[in-house]
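Colleague: Quick one, fold the following:
(chains A and B)
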Amino acid sequence: AQKVTQAQTEISVVEKEDVTLDCVYETRDTTYYLFWYKQPPSGELVFLIRRNSFDEQNEISGRYSWNFQKSTSSFNFTITASQVVDSAVYFCALSEANFGNEKLTFGTGTRLTIIP
Amino acid sequence: SQTIHQWPATLVQPVGSPLSLECTVEGTSNPNLYWYRQAAGRGLQLLFYSVGIGQISSEVPQNLSASRPQDRQFILSSKKLLLSDSGFYLCAWSARDRWDTEAFFGQGTRLTVV
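Modeller: Okay, the predicted model is just below:
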């Protein structure tokens, strides 16, 4: 069975600080996908990134970067120079590649508060 | 472009009353459809998913049921709500038979059972 663990329940940092959100996953499959979603106060989930299990390259998108390490089963998310608009709950998720059935298993989320 | 609609946005229902939440997707065909629940202070739990009309899989035993009467319509129901059914319900879709795709979520329904 697949499992996603986000050990950090809540994090608060002062604006402009860097912050890393941790994600550790468990799966028996060799082919799988990892995701990060952002849930702002309005409630909807906003897709941030998808990474497949064969691509361990780190990715950077503006102030966001992701570090995927299969050796430690981790997919961590770093926000550089944080801003108040980054305040949200962030979810890490895992999907095993069962064709036609892409269920997502979510972590419990990390509530990030950026203090102005 | 694809859009997903979910309603109502908020709902307050008494214990023992029925429930019907509706979700529709536009701009795509044969989507996979999902119902998730987010209890207060907790993560997202997959309740039901569907890969086609009339095909429903339940992930956890509960007081809720789901139906898919049309290709792009997904309904979450209950005959008698419990207090523990309170939460934030999210509908989502993903492209069928695509490994490299994310799920797209609706705006959610905040249900409070009183």
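Colleague: Just the closest residue of chain A to chain B, please.
Modeller: Distance from chain B to each residue of chain A (CB to the nearest CB) is smallest for A:T108, at 3.6 Å. No exception for glycine: its C-beta is placed from N, CA and C like everyone else's.
Colleague: Counting neighbours, what do you get for that residue?
Modeller: 19 (other CB atoms under 10 Å in any protein chain shown).
Colleague: per-residue pLDDT, it?
Modeller: Looking at A:T108, its pLDDT reads 91.
Colleague: Also A:N98?
Modeller: pLDDT, A:N98: 63.
Colleague: Number of residues surrounding residue 32?
Modeller: The chain I'm using is chain A. Neighbour count of A:Y32, defined by other CB under 10 Å: 20.
Colleague: right idea, wrong chain: chain B
Modeller: 22.
Colleague: B:S78 too?
Modeller: So B:S78, with other CB under 10 Å, has 20 neighbours.
Colleague: who's in contact with it?
Modeller: Counting by CB atoms under 8 Å, 6 or more residues apart in numbering or on different chains, B:S78 touches B:P18, B:L19, B:N63, B:L64, B:S65, B:D85.
Colleague: before we move on, what about A:Q69?
Modeller: A:Q69 makes contacts with A:E56, A:F75, as judged by CB under 8 Å, 6+ apart.
Colleague: Using ChimeraX, make a named selection holding only the buried ones among the contacts of B:S78.
Modeller: Remark: buried members of these, expressed as a ChimeraX selection using 16 or more other CB atoms under 10 Å in any protein chain shown:
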select /B:19,64,85
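Colleague: Stretch A:105-116 spans what distance, first to last residue?
Modeller: Stretch A:105-116 stretches 33 Å from its first residue to its last (CA to CA, to the nearest Å).
Colleague: ok now it, how far from the chain's centre?
Modeller: On the basis of CA atoms, centre = their mean, to the nearest Å, stretch A:105-116 sits 9 Å off its chain's mean C-alpha point.
Colleague: got the buried residues for that stretch?
Modeller: So for stretch A:105-116, counting by 16+ other CB under 10 Å, buried means A:T105, A:F106, A:G107, A:T108, A:G109, A:T110, A:L112, A:I114.
Colleague: Stretch A:55-71 too?
Modeller: By neighbour count with 16+ other CB under 10 Å, stretch A:55-71 contains the buried residues A:Y64, A:S65, A:W66, A:N67, A:F68.
Colleague: Same question for stretch B:25-42.
Modeller: Buried positions in stretch B:25-42, judged by neighbour count with 16+ other CB under 10 Å: B:V25, B:T28, B:P31, B:N32, B:L33, B:Y34, B:W35, B:Y36, B:R37, B:Q38.
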